[in-house]
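Asker: just coords:
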Ligand code: SF4
Ligand code: SF4
């Protein structure tokens with residue numbers, strides 16, 4: 001997952017992931033991509049379109 005520089009670390013994406021694979025901590029986003037099913041919910045929910053699938 002690519003995180004654009006305008007991410008505001010609001011945590012919306014982490015809240016929506018059905019598998020809880022996203023961790024937002026201070027100014028970093030961590031994805032547990034091994035288990036990602038590419039449902040794209042996180043991409044869709046981001047209010048500023050800061051996520052892009054690789
Ligand atoms: S929802 Fe978008 S702006 Fe919010 S933490 Fe996730 S990527 Fe960043
Ligand atoms: S694409 Fe789906 S499974 Fe993967 S991190 Fe985003 S919400 Fe979670």
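Answerer: Alright, I've got the coordinates. What you are looking at is a predicted structure, and each value in this text was computed from that prediction instead of being measured. Ligands and ions are numbered 1, 2, ... in the order given.
Asker: Surely residue 26 touches residue 11?
Answerer: No - between residue 26 and residue 11 there is no contact under CB atoms under 8 Å: 11.2 Å. In short, each C-beta sits where N, CA and C put it, glycine included.
Asker: quick one, which of the two is more surrounded?
Answerer: residue 11 (13 against 5; other CB atoms under 10 Å).
Asker: Could you find the closest non-adjacent residue to that one?
Answerer: Nearest residue to residue 11 in three dimensions, chain neighbours excluded: residue 24, at 4.6 Å (CB to CB, 6 or more residues apart in numbering).
Asker: What residues does the protein have near ligand 1?
Answerer: 3, 7-13, 24, 46, 48, 50-51 (CB under 6 Å from any ligand atom).
Asker: Pick the one among those residues closest to residue 38.
Answerer: residue 51 (11.7 Å; CB to CB).
Asker: and the nearest residue to the closest one once chain neighbours are set aside, how many residues sit next to it?
Answerer: Nearest non-adjacent residue to residue 51, counting by CB to CB, 6+ apart: residue 43, 4.6 Å away. By other CB under 10 Å, 16 other residues sit near residue 43.
Asker: Touching, residue 43 and residue 50? I think so.
Answerer: No - counting by CB under 8 Å, residue 43 does not reach residue 50; the two are 9.1 Å apart.
Asker: residues near residue 23, how many?
Answerer: Residue 23 - counted by other CB under 10 Å - has 13 other residues nearby.
Asker: in stretch 47-54, what counts as buried?
Answerer: Residues of stretch 47-54 classed as buried under the neighbour-count rule (16 or more other CB atoms under 10 Å) are 50-51.
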